[in-house]
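A.B. asks: Predicted model follows, preceded by the sequence.
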Amino acid sequence: MIARMLRTPFLSLSKSHPQLPLCSLQFLSGSHGRSATQVTEIIRGRIGISSNRISVYGFRTFCTGTDKDLLTKKCVPCNTKDLRPMTEESASKLIPKVDGWNLVNEGGTLKLKRSWKVKSFTKGLEMFQLISDIAEAEGHHPDLHLVGWNNVTVEIWTHAVGGLTENDFILAAKINALDLHHLLRKKVTA
Ligand SMILES: C[C@H](O)[C@H](O)[C@H]1CNC2=NC(N)=NC(=O)C2=N1
């Protein structure tokens with residue numbers, strides 16, 4: 001798999017794996033005077049492929065993207081003693097680590113929210129199943145919405161404390177690491 005990826009020109013690599021921050025691939029393929037071999041060595045050391053998820057190491061320095069540290073963490077049980085909701089200030093510091101997610105305040109309850117347009121109603125349900133697999137593995141669950149047949153919105157918050165905890169950012173990061181490109185509608189270019 002990685003051999004095929006390394007032969008893949010960067011643009012199609014970024015198309016086939018939208019979770020790879022394009023800016024980092026442009027950085028690597030940019031005119032920084034590196035030879036193809038040198039760029040290949042950099043990529044070889046930076047991209048770990050496990051099942052259908054890509055953990056991209058080290059690219060964090062080039063753009064916000066999804067934070068590697070969150071990807072390696074595990075959610076704690078929400079009935080853990082002393083688990084408290086974080087402040088809006090703390091949440092604002094963490095939100096750059098989960099590309100594409102928005103911090104919302106709904107009636108005083110802080111939540112993470114992200115929306116996608118999927119190709120079809122059934123692709124939306126397929127996306128829910130992929131997210132469900134992560135939620136069940138983490139013991140931490142999002143609120144899933146599929147509206148107007150192809151509009152998916154996912155909200156994440158810790159119900160036990162009525163706000164946000166690190167669990168929510170871990171779950172958002174792991175959802176970001178899913179390879180969803182085959183389920184999503186192509187963006188209409190302007
Ligand atoms: C004990 C276990 O941690 C709780 O039942 C979990 C299940 N999943 C959960 N998910 C979310 N988002 N919030 C919770 O409070 C929560 N509680």
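C.D. replies: That came in fine, so what should we check first? Residues are numbered from 1 along each chain as shown.

A.B. asks: Poorly predicted segments of the chain, please.
C.D. replies: For the chain, applying pLDDT under 70 flags the ranges 1-65, 190.

A.B. asks: counting contacts, what elements does the longest strand along the chain pack onto?
C.D. replies: Looking across the chain with DSSP state E, the single longest strand is strand 109-117. In this structure, strand 109-117 packs against strand 102-106, strand 151-156, helix 166-176, with contacts taken as 3 or more C-beta pairs under 8 Å, 6 or more residues apart in numbering; DSSP states H and E. Just so you know, the C-beta spots here come from the backbone N, C-alpha and C atoms, and that holds for glycine as well.

A.B. asks: So what are the sheet partners of that strand and their directions?
C.D. replies: Applying DSSP bridges to the sheet, strand 109-117 is found paired with strand 102-106 (antiparallel), strand 151-156 (antiparallel).

A.B. asks: just to revisit the earlier point, for the helices and strands packed on strand 109-117, could you give me TSV that also reports mean neighbour count and distance to the ligand?
C.D. replies: Output for the helices and strands packed on strand 109-117, formatted as TSV (neighbours: other C-beta atoms under 10 Å; distance: least, C-beta to the nearest ligand atom, whole Å):
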stretch	mean neighbour count	distance to the ligand
strand 102-106	12	14
strand 151-156	19	6
helix 166-176	23	7
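
A.B. asks: for those, which one sits closest to Leu125?
C.D. replies: Among these, strand 151-156 comes nearest to Leu125, with 9.7 Å by C-beta to C-beta.

A.B. asks: Enumerate the residues of this protein near the ligand.
C.D. replies: By C-beta under 6 Å from any ligand atom, the residues of the chain that approach the ligand are 77-79, 139-141, 158-160.

A.B. asks: So among those, which ones count as buried?
C.D. replies: 140-141, 158 (16 or more other C-beta atoms under 10 Å).

A.B. asks: quick one: Pro85 and Ala160 touch, right?
C.D. replies: No. Contact criterion C-beta atoms under 8 Å: Pro85 and Ala160 do not qualify, at 9.6 Å.

A.B. asks: so what does whichever helix in the chain runs longest touch, helix or strand wise?
C.D. replies: Counting by DSSP state H, the longest helix found in the chain is helix 121-138. Judged by 3+ C-beta pairs under 8 Å, 6+ apart, helix 121-138 is in contact with strand 143-147, strand 151-156, helix 166-176.
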